[in-house]
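**Q** Below are the sequence and a predicted model; questions follow.
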Amino acid sequence: MSLDPSVRARIEALLSDNRVVLFMKGRRGAPMCGFSAAASQHLDDLLDQYATVDVLADEEIRQGIKEFGNWPTIPQLYVDGELVGGADIVQSMAASGELQQLLGLPAPDRTPPTITVSDAAVAAIRPALADAGEARLFLAVDGSFHPQFQLREPGPHDIVVDANGLEIRFDPASARRAQGATIDWTDTPRGMGLAIYLPAAPKAVQSLDVHQLKARIAAGDITVIDVRPEGERQRAPFPGAEIFEPTSHDRLTGLPRDTALAFICHHGNASRNAAEHFYEHGFTNLWNVEGGIDAWSLEIDPSVPRY
């Protein structure tokens, strides 16, 4: 089937207007499939700006881009108007340094991270490797510093670390984020399991005082989410805030993952718990309003009733 000229023109315009374009399922910060997430993560590691096209929102482009480059799957990365490939190729090129070279960036740092693995963690991991065949153990750490062990085929550009007799492999971005990591087998909120501490990770939730909140609201660069029960909100309203409740949960957790969110409650405790819930959903720009609405009333707006 030949590509419709109008669709071809749309694709060519996208490639002409943007040096780097990722055709993906979903959008940057909110991918809708694992392959699109992987490809966009590698680009996020390297670039502040690049264009994404959500093929799920445009059926013409979804089918047309497959015909345009004679490439049957999504995602597809284009640089300077030329097809680079899909998720596996992007991953391989990022590991080898070819992607950085293509983008005009320095070669990746291949310094092996220093990590500590306890005897208990080694004992827990080894049985899972017994039937792995040719697969090797990788520790992937994404841009939100979420660590995940994976079993996959080794590659010639893997960064390899021997920690307490256990071989662990990394891609360059994961190796950088894993520097100083401690891995243990211990009691977690979900029972006994692996606990991975990443000292390079930023704090999951940052603190914001009410004066800083006032300035951020005036600048229009933050969204306030009120997590208080309805009765408390009616008693001391915070105008303009989003309301966090079951009916708004899916919409709010569907926001782009880099959206700046400030959580407020009565005194600042329940709001921190809510912010950590969003961190578990992959959000990276989270703030807790210390002192809550009580501090706002005392220090910013005395017309807000205290309770």
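**A** On my side now, so go ahead. No experiment lies behind these values; they were computed from the predicted model shown.
**Q** domain parsing for this structure?
**A** 5-102, 116-197, 206-299 (automatic domain parsing).
**Q** Okay, now the last one: how far is its last residue from its first?
**A** Right, the one you point to is domain 206-299. End-to-end span of domain 206-299 (Cα to Cα, to the nearest Å): 20 Å.
**Q** Averaged pLDDT, it. What do you get?
**A** Domain 206-299 shows a mean pLDDT of 94.
**Q** For Gly86, grab the count of nearby residues.
**A** 20 (other Cβ atoms under 10 Å). All C-beta spots, glycine's among them, are computed from the backbone N, C-alpha and C.
**Q** repeat for Ile115
**A** Neighbours around Ile115, by other Cβ under 10 Å: 22.
**Q** Let me see the contact set for it.
**A** 161, 163, 168, 178-183 (Cβ atoms under 8 Å, 6 or more residues apart in numbering).
**Q** try 10 Å this time
**A** 139, 161-164, 166, 168, 170, 175, 178-183, 196, 198 (Cβ atoms under 10 Å, 6 or more residues apart in numbering).
**Q** Just the ones of those residues in strands?
**A** 139, 161-163, 166, 168, 170, 182-183, 196 (DSSP state E).
**Q** residue ranges of the helices in the protein, please?
**A** 5-17, 34-46, 59-68, 87-96, 98-102, 119-129, 172-177, 210-219, 230-235, 246-253, 270-280, 292-299 (DSSP state H).
**Q** of all those helices, which lies closest to Lys25?
**A** Between Lys25 and the helices of the chain, the shortest gap by Cβ to Cβ is with helix 34-46, which sits at 4.6 Å.
**Q** Report the angle between that closest one and helix 87-96.
**A** 30 degrees (axes from the mean of the first three to the mean of the last three Cα atoms, to 10 degrees).
**Q** list the buried ones in helix 34-46?
**A** Across helix 34-46, burial judged by 16 or more other Cβ atoms under 10 Å covers 35-45.
**Q** go on, stretch 128-143?
**A** Buried residues in stretch 128-143 (16+ other Cβ under 10 Å): 136-143.
**Q** And stretch 73-85, by the same measure?
**A** Buried residues in stretch 73-85 (16+ other Cβ under 10 Å): 74-79, 83-85.
**Q** quick one on the thing from earlier: name the member of the buried residues of helix 34-46 with the shortest distance to Gly104.
**A** Leu43 (13.9 Å).
**Q** Looks like that closest one contacts Thr52 (just checking).
**A** Yes. Leu43 is within contact range of Thr52, at 8.7 Å (criterion: Cβ atoms under 10 Å).
**Q** quick one: common contacting residues for those two?
**A** 20, 22, 24, 28, 75.
**Q** Let's see the pLDDT reported for the third one.
**A** Reading off the confidence values, Met24 has pLDDT 98.
**Q** residues in contact with it?
**A** 31-33, 35-37, 39-40, 43, 52-56, 74-77, 87.
**Q** ok, back up a step: how about TSV for the buried residues of stretch 128-143, with distance to Ala128 and pLDDT added?
**A** Formatted as TSV, the buried residues of stretch 128-143 follow (distance: Cβ to Cβ, whole Å; pLDDT from 0 to 100):
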residue	distance to Ala128	pLDDT
Arg136	12	97
Leu137	8	97
Phe138	13	97
Leu139	13	97
Ala140	16	94
Val141	19	93
Asp142	21	88
Gly143	26	83
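**Q** Among those, which one lies nearest to Ile61?
**A** Distances from Ile61 to the buried residues of stretch 128-143, taken by Cβ to Cβ, are shortest for Gly143, at 26.0 Å.
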